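*Asks:* Could you work out the structure for the sequence below:
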Amino acid sequence: MPLSVESTSKKRVQVNIGGIVQGVGFRPYIYQEALKNNLTGYVSNNGSGVRIEIEGSLSRVEYFLNSFEQNAPELSRIDTISIKDIDPRDETTFSIVKTQNSKVLTMVSADISLCDDCRREMQDPKNRRYKYPFINCTNCGPRYTIIDSLPYDRKNTSMKDYVMCEACSEEYEDPSNRRYHAQPISCFDCGPQLHFSNLLDEESIQNKNFVKKLSQKIAAGETVALKGIGGFHIICDATNDKAVAQLRLNKHRATKPFAVMFRNLQEIKKIAKLSHEDEALILSKERPIVIVQKNRSKKLAQSIAPNIDKIGVFLPYTPLHELLLEELKLPIIATSANLSDEPIIRDNRELFVKLPLVVQASLSNNREILNACDDSVLMNVANESIVLRLSRGYAPKSFFLQEEVPKKILALGANQKSTISLAFGNNIVISPHIGDLNSLESFEYFLRTLDTFKRFYDFQPDIIVCDKHPKYETTVWAKEYASQHPHIQLFQVQHHYAHALACIAENQIDEEVLAFCFDGTGYGDDGVLWGSEVLLASKDHYERVYHLKEFSLLGGEKAVKEPRRVALSLLFDYYTLDAVLEMDTALVKSFTQKEIKTLYLMKIKAINSPKSTSMGRLFDAVYALSNHLDPLAYEGESGLIMESEANKYRTKRSYSFEIKDSVIEYHKMIAEILDEKDLSLVASKFINTIVKMILEISLLHKDKPIVLSGGVFQNKVLLEQVLSMCKENDIKYYIQRETPINDGGISLGQVYYGIHNQRGENDE
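*Replies:* Below is the predicted model of the structure:
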């Protein structure tokens, strides 16, 4: 039977693909698909992503076009595909051609943990990369942390000075090999080298026993440093109480929890209660730190996460971490090497200058970390993944926009948990976690990250968006930068509206929502420190409709660290000074009578006593009213302890409150807590009260879906109960699943504001 015209006709098409398609094995995948379908032509990287030209029979070309997207490499993400017919060229081969330089529009990929194929090779004594600490392929290894500029080619990374040996070069040039154009490819003969440094005797050695030597020091109770993908980890034996206590002492970290790295999932199960969702997150290719529930095991040092029932756990994600844990066979504390309020250290010299009393030895390497990147932190809540820190494995995070942004927008985020976001073309890009901008070093890191992203995307902003807080470093910088560049438009966005917009942006919500934005602090439109805001909000407007009754923060910032000051302020709101002085409570007795009178005078005369409506500070006050009177050692400590107590002492009861006009009044709750006979129930009853507040307000706006955003919703007990309440009452809700629910998501909300208000007036 003669062949049909359709099957013998030749066709050639050009396919342009945008998204995350470089450095993820996309070209060799296309190469293999083309060979399978007897197609000719080529595939190449360019500034916009990947270009493919394929030619062959009409049926084969159509089959390729209909199927290649479904089986694309796991690390890739296709955002756009354009296809056009072009004239056939009667070629006889399909090839991968060198990168074509053009305007950069492709997205930078995040670093990815060691893949199973590389793990098997690393554990195989017959493989040439047996126990090689830098093993990688196109499916795993460093990306963002080694990139200097795009396109993602070896010459544009920190691997540019390492000349591939013959064996690596063959793999790199072979399209059928999974290391084809794996830019960090190397081996013992041609790759980076480890070196061991001992601080005390200034010993520096290079040998094959580096991992064993480091593990011996850890087993002996010493604290060491290990250079990872995005920076150094400080490491000690997580089962050694003395070693953990010494680390806390030397790092001046009294009670803030440490994350623990385990050899495998089975080891984690010995100390934690894991849901199926927890396990999936822990085993995911991103390998984040996952916040899970402790069990009653005593296998770990008790001071790792004191006073709380949660612990951060994760698996090794680099070859070197795997080799170390395999040798040591003990779980390790693996915490970021940095001073308080400073970025993670990425250089060996800086390590010993800044942390000489913390670490006794270091295992480093000579592959430069161009872009520091901390570990990501996530947790599962009611089968939903909640992002607490967006970083390694997940960031840079990019979103594709259906409509092109006419102007380039830069959003600077908040002062705490800082990130930046860019909007250009059809893309939004969010940086990895930068941190709290409370030091010169951290702000320099912020500026360095900004320069990096401007370089990646050849980006110069037309619009800058920042917070309204006049004392935020980012606000000061934005105003100064805009004054020096008159063509730049500057927007300032209210903090809690930015929280709402972050959720609106991620979920692409087109309707007006009722947004519950609960956090610690945000500069309000009226100059008050907001933080319990209920907004009617959409992508282009908002109205503040409810909030907590204002209270005073006695001593300003000092009240944030001493919750008893906030609690005392609430007593002053509802009782006379004489009545407070006569109270027989632990809270009142923690102050002298002179201190109480002085603080009362501060409140009455409004001396260093800023007003606040913060739900986070109300958490602090209730924490103190339940006899937790010591200063907080870290941000969020009161919420974590109350969450643990609410888990331990569950009740369905709650406290009283009233909603009068737009104000949530809670004076009856304060009186009920003072009369509480069982203080162990306070946390659970208080969280139940917040859930009831949300329910009552939601039922007043039945036609509006609700949005939940802000750091207070990091409280797992609270969020679980709110989500359960929504389902029981058929209330439609939105939360963020891919971006931080805390201030790490503020820059996304800001950039989304810029997108939808480009033609508005300068909002200063």
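*Asks:* Tell me who's in contact with the nearest residue to residue 556 once chain neighbours are set aside.
*Replies:* Leaving out its chain neighbours, the residue that sits closest to residue 556 by Cβ to Cβ, 6 or more residues apart in numbering is residue 608, at 5.1 Å. Backbone N, C-alpha and C define where each C-beta goes, glycine included. The neighbourhood of residue 608, defined by Cβ atoms under 8 Å, 6 or more residues apart in numbering, consists of 554, 555, 556, 602.
*Asks:* When you filter the residues you listed down to buried only, what's left?
*Replies:* Among the contacts of residue 608, those classed as buried by 16 or more other Cβ atoms under 10 Å are 554, 555, 602.
*Asks:* Grab the most central residue of the chain for me.
*Replies:* Among the residues of the chain, residue 390 comes closest to the average C-alpha position under Cα atoms, centre = their mean, at 1.4 Å.
*Asks:* For residue 237, see how far away that residue is.
*Replies:* Using Cβ to Cβ, to the nearest Å, residue 390 is found at 30 Å from residue 237.
*Asks:* And for residue 593?
*Replies:* To residue 237, residue 593 is 48 Å away according to Cβ to Cβ.
*Asks:* more crowded one of these two?
*Replies:* residue 237 (25 against 10; other Cβ atoms under 10 Å).
*Asks:* tell me the contacts of the more buried one?
*Replies:* Contacts of residue 237 by Cβ under 8 Å, 6+ apart are 218, 219, 221, 243, 244, 330, 332, 333.
*Asks:* From residue 209, how far off is it?
*Replies:* Distance from residue 237 to residue 209, by Cβ to Cβ: 19 Å.
*Asks:* so where's the stretch 151-300 of the chain shaky on pLDDT?
*Replies:* Along the stretch 151-300 of the chain, the parts satisfying pLDDT under 70 run over 199-208.
*Asks:* just to revisit the earlier point, closest one to residue 171 out of the contacts of residue 237, please.
*Replies:* Nearest to residue 171 among the contacts of residue 237: residue 332, at 32.4 Å, using Cβ to Cβ.
*Asks:* looking at it, the closest one is touching residue 238, isn't it?
*Replies:* Yes: using Cβ atoms under 8 Å, residue 332 makes contact with residue 238 at a distance of 5.5 Å.
*Asks:* Now for the two: what residues contact both?
*Replies:* When contacts are counted by Cβ under 8 Å, 6+ apart, residue 332 and residue 238 are jointly contacted by residue 260.
*Asks:* Looking only at neighbour counts, state which of the two leads.
*Replies:* residue 332 (29 against 24).
*Asks:* show me the contacts for residue 54.
*Replies:* Taking Cβ under 8 Å, 6+ apart, we find residue 54 in contact with 12, 13, 15, 34, 39, 40, 41, 61, 64, 94.
*Asks:* Sort out which of the residues you listed are in strands and list them.
*Replies:* Among those, DSSP state E puts 12, 13, 15, 40, 41, 94 in strands.
*Asks:* Closest to residue 561 out of those?
*Replies:* Nearest to residue 561 out of the ones in strands among the contacts of residue 54 is residue 15 (Cβ to Cβ; 57.7 Å).
*Asks:* Count the residues that sit near the closest one.
*Replies:* Neighbour count of residue 15, defined by other Cβ under 10 Å: 19.
*Asks:* Could you report the neighbour count for the closest residue to it other than its chain neighbours?
*Replies:* Among residues not flanking residue 15 along the chain, residue 52 sits closest, at 4.2 Å (Cβ to Cβ, 6+ apart). When neighbours are defined as other Cβ under 10 Å, residue 52 has 26 of them.
*Asks:* quick one: residue 52 is in a strand?
*Replies:* Yes: looking at residue 52 with DSSP: H, G, I helix; E, B strand; the rest coil, it is inside a strand.
*Asks:* For it, give its distance to residue 723.
*Replies:* Counting by Cβ to Cβ, the gap from residue 52 to residue 723 is 44 Å.
*Asks:* likewise residue 423?
*Replies:* Taking Cβ to Cβ, one finds residue 423 at 30 Å from residue 723.
*Asks:* So which of these two has more stuff around it?
*Replies:* residue 423 (27 against 20).
*Asks:* so what's that one up against?
*Replies:* The contact partners of residue 423, taken as Cβ under 8 Å, 6+ apart, are 401, 405, 408, 409, 411, 429, 751, 754, 755.
*Asks:* So which of these is the closest to residue 275?
*Replies:* So of the contacts of residue 423, ranked by how close each gets to residue 275 (Cβ to Cβ), first place is residue 429, at 32.0 Å.
*Asks:* and that closest one, which of the three is it?
*Replies:* strand.
*Asks:* tell me which residues form a beta bridge with it?
*Replies:* Under the criterion DSSP bridges, residue 429 forms beta bridges with residue 398, residue 422.
*Asks:* Tell me how many other residues crowd it.
*Replies:* So residue 429, with other Cβ under 10 Å, has 21 neighbours.
*Asks:* Contact partners for it?
*Replies:* So residue 429 contacts 107, 108, 396, 397, 398, 421, 422, 423, 453, 457 (Cβ under 8 Å, 6+ apart).
*Asks:* Next: residue 40.
*Replies:* Taking Cβ under 8 Å, 6+ apart as the test, what residue 40 contacts is 34, 54, 55, 56, 91, 92, 93, 94.
*Asks:* which of those residues are buried?
*Replies:* By 16+ other Cβ under 10 Å, those give 34, 54, 55, 56, 91, 94 as buried.
*Asks:* now, the most widely separated pair of those residues?
*Replies:* Every pair of the buried ones among the contacts of residue 40 checked by Cβ to Cβ; the farthest is 34 and 91, at 11.1 Å.
*Asks:* Overlap of the contact sets of the two?
*Replies:* What both residue 34 and residue 91 touch, as defined by Cβ under 8 Å, 6+ apart, is the set 40, 41.
*Asks:* thinking again about what came up before, what is the nearest of the contacts of residue 54 to residue 303?
*Replies:* Lowest distance from residue 303 to the contacts of residue 54 (Cβ to Cβ) belongs to residue 15, with 57.0 Å.
*Asks:* Please enumerate the helices of the stretch 601-750 of the chain.
*Replies:* 615-625, 637-648, 667-674, 682-699, 716-728, 746-756 (DSSP state H, counting those that start in this stretch).
*Asks:* Packed most tightly, which of these would that be?
*Replies:* helix 746-756 (a mean of 29; mean count of other Cβ atoms under 10 Å).
*Asks:* other SSEs contacting that one?
*Replies:* Applying 3 or more Cβ pairs under 8 Å, 6 or more residues apart in numbering; DSSP states H and E, one finds that helix 746-756 contacts strand 397-411, strand 421-430, strand 463-467, strand 489-493, helix 495-507.
*Asks:* Report all helices and strands that the helix or strand hosting residue 568 contacts.
*Replies:* Following DSSP states H and E, one finds residue 568 within helix 563-574. Packed against helix 563-574 by the contact rule (3+ Cβ pairs under 8 Å, 6+ apart) you find strand 551-552, helix 557-561, helix 577-581, helix 586-589, helix 593-604, helix 615-625, helix 667-674.
*Asks:* Could you export the ones you listed to CSV, including columns for distance to residue 322 and mean pLDDT?
*Replies:* As requested, those are exported to CSV (distance: least, Cβ to Cβ, whole Å; pLDDT from 0 to 100):
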stretch, distance to residue 322, mean pLDDT
strand 551-552, 51, 97
helix 557-561, 40, 95
helix 577-581, 58, 97
helix 586-589, 49, 96
helix 593-604, 54, 97
helix 615-625, 39, 97
helix 667-674, 50, 96
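*Asks:* so can I have a markdown table of those showing distance to residue 254?
*Replies:* Shown next, in a markdown table, are these (distance: least, Cβ to Cβ, whole Å):
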| stretch | distance to residue 254 |
| --- | --- |
| strand 551-552 | 27 |
| helix 557-561 | 12 |
| helix 577-581 | 30 |
| helix 586-589 | 21 |
| helix 593-604 | 23 |
| helix 615-625 | 17 |
| helix 667-674 | 27 |
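*Asks:* Nearest to residue 688, out of these?
*Replies:* So among the helices and strands packed on helix 563-574, helix 667-674 is nearest, using Cβ to Cβ, at 11.1 Å.
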